[in-house]
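Asker: fold the following.
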Amino acid sequence: MEQKKKFIEQVFGCSGILSGTLPDYEFRQQQLELSAEVDAALNSNEHLIAEAGTGVGKSFAYLVPAIRFSLQKKQTVVVSTNTINLQEQLLEKDMPFLFSSGIFPEKPGVVLLKGRGNYVCRRRVNASLTFQEELFDDDLARSLERIRKWSIRTADGTRSGLGFSVEPEVWEQVCSESHRCMGKKCEYFHNCFFQQKRREMSHAGIILVNHALLFSDISLRDNESSVLPDYNYLIMDEAHHLEDAATNHLGRSVNNYQLRKFLNTLVSQNNRRGFLVYRRVKNAGEMVDRCRRHADVFFGEIIQKCKDAQTFKIEPGAFGESPEHALDDLSQCLREMKEKFDDDESRVELNGFLNQAESFKNDLAAIIREQFPGYLSWAELHGIRQDSVTLKTVPVNVGPILQDKIFNDKSSVIMIGGTLAVNRSFRYFRSRTGVPDCREVLLGSPFDFRKQMKLEIPADLPHPRESEDEFSRAVAREVVRYLDISGGRAFVLFTSHRMLEDVYNIVVPHLKKKKITALKQDEATDRYQLLEEFKQDIDSVLFGTNSFWEGVDVMGPALSCVIITRLPFSVPDNPLTAARCREIKKQGKDPFREYSLPEAVLRLRQGIGRLIRHRNDRGMVVILDSRIVTQWYGRYFVSSI
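Answerer: Numbering: from 1, shown residues only. Alright, predicted model coming up:
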């Protein structure tokens, strides 16, 4: 053990390898301690929860012991992140540096695996080109040709490397899919991008995935299938997403637009394009139109039920006829068609459509009819025109599932994040995720927040619940005042789109007079594009909701102020929030103290964390919700900041 500690100190110490090879490297005690804890957990087959603040250098802290452990023990270590961006940073920046620094005697195999749909399938590209007139109009056909040229020169075949935008309906015709794979019968099998990754994984010491793929693999193992090879060691970065990622990917969902796109892929609404059209299947248009009519009526009814509250809890027997029977008939027709085709390629494509039709049918049945114990089913309305609806069924409490599928199954699971503790305790995180007794470490940040950050809480604002309109007007006045002080250069963070719109409309005329650019998050604007505009225009202000509370790094003077308009409590009538609160209440506990409050505290910490991302950053955080000083629970927020 002393030898292992010595190794960590040799890497991260004041005169260690990193200080001698990495420009501007500064010794951070927290980084050394985190790395030592990860190393100890891996080597003693223990689970670990570790919170480390901004600026610690978390990725180096867990990569160094993970790589060393993999090399010494000949074990595969899976590293999971919430975002593909962080995956790519680890692969393209962090690990190449570590391998070039002389820390390790050799380099383990490293594979970054994305979800299968991220990879292009050369066979499907060529098949689509053969029948492009029946599949696509001229604009889409031009996109297909660009993909063909790119597929010849690309090294890894993933969508993120395209270098140009491509329409979803085109990509869906050319991406790799398990139920459309010909396996070794495919002429491109040995040059297949996805199959190449699978071959590389069998010899890999480090496998990089995101949380979505991690839980997809866990779900597949229930059906004696898998994406990842067997492994016993797992590191989860951005672990505060653990509960949400598990909830979303261990459940089922059906979206009306996804179903419509699937049907249009078979036969378009004008009956001129689609797979069954170019295969000249008799009565195909009539068969698909029947499914389309049933789906339109069914989802139209759900949209009406969701109009007022945006959500609608689905009870068993709440609906009469759904598209299930029409999809069942479609499946039967596709099954019969498959037997009539002689060539393997057509049979494989038809089998893919058959699997999709049955998947839609089974998911609908699970959501609106079967309703498994411990699961919640509901419908959720979204989209600019409020005409997109998603039906979901998810486990209300993922803790027991995670305990069974991950913590009891793996030798060591290491969970790392910047916001895992509430009031310096991991009790809430463990209660929600089923983590058993394990090692725990709570590390701060090397930044001096008392010097770098000023916190302002105006005390004379109205209570948020007294009058939404009055509160929005008061918030707008304060936003104008603080933006005048900061000269723009700010995030204004909201908990609802409605309030964002109200405040934005009041504030924008003032910003125009000051020549400050106002950027607003909405469903039509790409999040990353919006962030780049903010970084480039140093005098801009970004008005954002959920996705801008976390995972956004803006260093330097471009971001000098973060204004939080309201304490981020979950909407109480959200079906999943309500179900979780009911479950806690059944246990004789207080849902507010056990769930709503700690959830909001963690969310606030994430929002505040947007401001100071570097030791030279300076700025101000403003909280415009008076409850943080007037209500008893305010002290929990303050003590956790």
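Asker: switch to C-alpha atoms for all contacts and neighbour counts from now on
Answerer: Noted.
Asker: roughly how far apart are Glu133 and Cys121?
Answerer: Distance, Glu133 to Cys121, using CA to CA, to the nearest Å: 20 Å.
Asker: of the two, who's got more company?
Answerer: The residue with more neighbours, out of Glu133 and Cys121, is Cys121; 27 against 16, by other CA atoms under 10 Å.
Asker: surely the more buried one and Glu172 touch.
Answerer: No - with contacts counted by CA atoms under 8 Å, Cys121 stays clear of Glu172, the gap being 10.3 Å.
Asker: can you give the contact residues for the worst-scoring helix or strand of the chain on mean pLDDT?
Answerer: Ranking every helix and strand in the chain by mean pLDDT, DSSP states H and E puts helix 132-135 at the bottom, with a mean of 74. Contacts of helix 132-135 with the rest of the structure, by CA atoms under 8 Å, 6 or more residues apart in numbering, involve Ser128, Ala141, Thr265, Arg272, Arg273, Gly274, Phe275, Val277, Tyr278.
Asker: list the buried residues of that helix.
Answerer: By 16 or more other CA atoms under 10 Å, the buried positions in helix 132-135 come out as Gln132, Glu133, Glu134, Leu135.
Asker: now the element after it, going C-ward?
Answerer: Next helix or strand after helix 132-135 toward the C-terminus (DSSP states H and E): helix 138-153.
Asker: I'd like to know which elements that following helix is packed against.
Answerer: Counting by 3 or more CA pairs under 8 Å, 6 or more residues apart in numbering; DSSP states H and E, the packing neighbours recorded for helix 138-153 are helix 122-130, helix 168-174.
Asker: and Phe447, which of those helices is closest to it?
Answerer: helix 168-174 (43.0 Å; CA to CA).
Asker: Lys392: which element?
Answerer: In the assignment (DSSP H and E), Lys392 maps to strand 388-395.
Asker: quick check: which ranges of the stretch 401-550 of the chain have low pLDDT?
Answerer: 523-524 (pLDDT under 70).
Asker: what ranges do the strands span in it?
Answerer: Applying DSSP state E, counting those that start in this stretch to the stretch 401-550 of the chain gives strands spanning 412-417, 439-443, 453-456, 490-493, 518-520, 541-544.
Asker: what would the ones you listed look like in TSV with distance to Met182 and mean neighbour count?
Answerer: Listed next are the strands of the stretch 401-550 of the chain as TSV, based on distance: least, CA to CA, whole Å; neighbours: other CA atoms under 10 Å:
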stretch	distance to Met182	mean neighbour count
strand 412-417	35	24
strand 439-443	46	17
strand 453-456	58	15
strand 490-493	48	26
strand 518-520	46	18
strand 541-544	45	23
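Asker: between the ones you listed, which gets nearest to Leu32?
Answerer: Closest to Leu32 of the strands of the stretch 401-550 of the chain, according to CA to CA: strand 439-443, at 10.6 Å.
Asker: report the angle between the closest one and strand 412-417.
Answerer: Per axes from the mean of the first three to the mean of the last three CA atoms, to 10 degrees, the angle that strand 439-443 makes with strand 412-417 is 20 degrees.
Asker: with only the CA atoms kept, save strand 439-443 in CSV.
Answerer: Only the C-alpha atoms of strand 439-443 are listed here, as CSV (Å, rounded to 0.1, in the frame of the first residue of the first chain):
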residue,chain,number,x,y,z
ARG,A,439,-15.6,4.5,1.0
GLU,A,440,-16.4,8.2,1.0
VAL,A,441,-14.3,11.2,0.4
LEU,A,442,-15.5,14.9,0.3
LEU,A,443,-12.9,17.2,-1.2
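Asker: what strands flank that strand, and is each parallel or antiparallel?
Answerer: Using DSSP bridges, strand 439-443 pairs in its sheet with strand 48-52 (parallel).
Asker: what does the helix or strand following the partner strand contact?
Answerer: Following strand 48-52 in sequence order, the next helix or strand is helix 58-73 (DSSP H and E). Here helix 58-73 makes contact (CA under 8 Å, 6+ apart) with 8, 31-32, 34-36, 38-39, 42-43, 52, 75-77, 90, 94-95, 98, 104, 106, 108, 205-206, 235.
Asker: try stretch 325-332
Answerer: Contacts to stretch 325-332, defined as CA under 8 Å, 6+ apart, come from residues Met287, Val288, Arg290, Cys291, His294, Leu354, Ala357, Glu358, Phe360, Lys361.
Asker: got the phi/psi numbers for the nearest residue to Phe372 once chain neighbours are set aside?
Answerer: Spatially, and ignoring its direct neighbours in sequence, Phe372 is nearest to Ala366 (7.4 Å; CA to CA, 6 or more residues apart in numbering). With angles defined as degrees, to the nearest 10, Ala366 sits at phi -60, psi -30.
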